[in-house]
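Peer 1: here is a sequence together with a model predicted from it:
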Amino acid sequence: MSRADMQKDPNEVAGMFDATAKRYDLLNSLLSAGNDKLWRIQMQRAVRPQAGERILDVAAGTGASAAPMAKAGALVTALDISHGMLEEGRRRHPDVEFVHGSATELPFDGDTFDAVTISFGLRNVQQPRAALSEFHRVLKPGGRLVVCEFSHPPVDVVRKGYELYLRTALPGMARLASSNPEAYRYLVESISTWPDQQSLSQWIRTAGFTRVAHRNLTLGVVALHRGRKPTEQTAALRLARHASPEEQAD
C-alpha cells in the first residue's frame, strides 16, 4: 500500500497484513520497545472478561488480545479481514474461534455479545464510524465496548518527540527488521492522520454508546476508550431527560 492510502481499501489492507502475519507480533514488540504487551494488559483489565461471556475481538490479528480473554474463561470470537493473520492465529491459539470478516459488515446477529474489543485496528478500517455502529448492533444491551488505539499525546513536548520518533526512528528500524517496511510506513501515516482522543470519543457517542470515557496510556501515545450499549431502561431515561416540557406532560 503506497504512502498509506488513507482510503484503506480492504483488499489492500488485508494483503498488507497477510505479508506480515508471521512476524507481526514480534515486530510490534520491537518497534514499541515492549510497550505493546503493557497496553494489551491494560485493555484486558478494562474489558474484565468473565467466564461464559461472549466476546468479539475485531481486527484480532493473530489473537494476541483474544487469547488472554479466552484463558479467563470467556467464549471469544476473533475476527479479522486478513486470511494470513487468521491462519497464524489458528496455529497459535487453537482454543480461540477465528472468523474471517469485515468490521463494517459483521457476520453476527444483533444483541449477541457481552463485549466487543478492538486493539490497534480501528484506524485501519475504511469506515471506522460505520464499524462503531456495527459494534453497537451486535452488543447485547448493557454490553461493553473497549477500543485500544494509537492516539496523540496531549503534552506538546511529548507529542513533538513522539512525532519525531514516528518520522525517523521507526521507519529505519522497520527497514532493518521487516521484510515489508512499506507496511510500517503505512503505520506511521495512519497514526499521524488518526483523530485525537476527544474526536474518537465523540464518534463513539454518535454511534449510540453511553458512559463514554478514555484513559491515556504511555503519556497519550495510546488511548483506551470505553463505552456501553444502553439498556432499554437507560435509553428511556435519556429520552425523558431530553424531552420538551410539553412531551413530558404528555
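Peer 2: Everything's here; your move.
Peer 1: chain neighbours aside, what residue packs nearest to the most centrally placed residue in the chain?
Peer 2: Among the residues of the chain, the one closest to the centroid is I118, at 2.7 Å (Cα atoms, centre = their mean). Excluding the flanking residues, the one nearest I118 by Cβ to Cβ, 6 or more residues apart in numbering is V58, at 4.3 Å. The way it works is simple: take the backbone N, C-alpha and C, and place the C-beta from them, glycine included.
Peer 1: the one you found contacts N124, doesn't it?
Peer 2: No. The criterion here is Cβ atoms under 8 Å, and V58 misses it with N124 at 10.6 Å.
Peer 1: so which of these two has more stuff around it?
Peer 2: In this comparison of V58 against N124, neighbours counted by other Cβ atoms under 10 Å, the higher total goes to V58 at 27 against 24.
Peer 1: okay, P154: pLDDT?
Peer 2: According to the predicted model, the pLDDT of P154 comes to 95.
Peer 1: contacting residues around the residue lying closest to it once chain neighbours are set aside?
Peer 2: Distance criterion Cβ to Cβ, 6+ apart; nearest residue to P154, sequence neighbours excluded, is G220 at 5.2 Å. The contact partners of G220, taken as Cβ atoms under 8 Å, 6 or more residues apart in numbering, are S151, H152, P153, P154, V155, V158, R159, Q197.
Peer 1: list the contacts of the fourth one.
Peer 2: Spelled out, it's P154. Contacts for P154 (Cβ under 8 Å, 6+ apart) come out as Q197, N216, G220.
Peer 1: what do you get for the third one?
Peer 2: In this structure, P153 makes contact with R159, Y162, N216, L219, G220, V221, judged by Cβ under 8 Å, 6+ apart.
Peer 1: tell me the two of the contacts of G220 that are most distant?
Peer 2: V158 and Q197 (13.6 Å; Cβ to Cβ).
Peer 1: now do the strands in the chain.
Peer 2: Along the chain, the segments classed as strands by DSSP state E run 54-58, 75-80, 97-100, 113-119, 139-150, 210-217, 222-228.
Peer 1: D9: which of those is closest?
Peer 2: Evaluated with Cβ to Cβ, the strands of the chain place strand 75-80 nearest to D9, the distance being 16.0 Å.
Peer 1: tell me which strands that closest one pairs with, and in which orientation.
Peer 2: Take DSSP bridges as the rule and strand 75-80 pairs in its sheet with strand 54-58 (parallel), strand 97-100 (parallel).
Peer 1: and it with strand 113-119, angle?
Peer 2: 40 degrees (axes from the mean of the first three to the mean of the last three Cα atoms, to 10 degrees).
Peer 1: so what touches strand 75-80?
Peer 2: Residues contacting strand 75-80 (Cβ under 8 Å, 6+ apart): 17, 49, 52-61, 63, 66-67, 69-70, 86, 89, 93, 96-101, 103, 106, 108, 113.
Peer 1: at 6 Å what do you get?
Peer 2: Outside of strand 75-80, the residues within contact range by Cβ atoms under 6 Å, 6 or more residues apart in numbering are 54-60, 63, 66, 69-70, 86, 96-99, 101.
Peer 1: now that strand: how far from the chain's centre is it?
Peer 2: Distance, stretch centre to chain centre, for strand 75-80: 13 Å (Cα atoms, centre = their mean, to the nearest Å).
Peer 1: got the CA coordinates for that strand in CSV?
Peer 2: As requested, the backbone C-alpha atoms of strand 75-80 are provided in CSV (Å, rounded to 0.1, in the frame of the first residue of the first chain):
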residue,chain,number,x,y,z
LEU,A,75,-16.1,-17.5,24.8
VAL,A,76,-14.0,-15.4,22.4
THR,A,77,-14.6,-14.9,18.7
ALA,A,78,-11.6,-13.4,16.9
LEU,A,79,-12.5,-11.7,13.6
ASP,A,80,-10.0,-10.3,11.0
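Peer 1: quick check: mean pLDDT across that strand?
Peer 2: Over the span of strand 75-80, the pLDDT mean works out to 97.
Peer 1: dump the strands of the chain to CSV, plus distance to P171.
Peer 2: CSV is the format used below for the strands of the chain (distance: least, Cβ to Cβ, whole Å):
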stretch, distance to P171
strand 54-58, 27
strand 75-80, 25
strand 97-100, 30
strand 113-119, 22
strand 139-150, 15
strand 210-217, 23
strand 222-228, 19
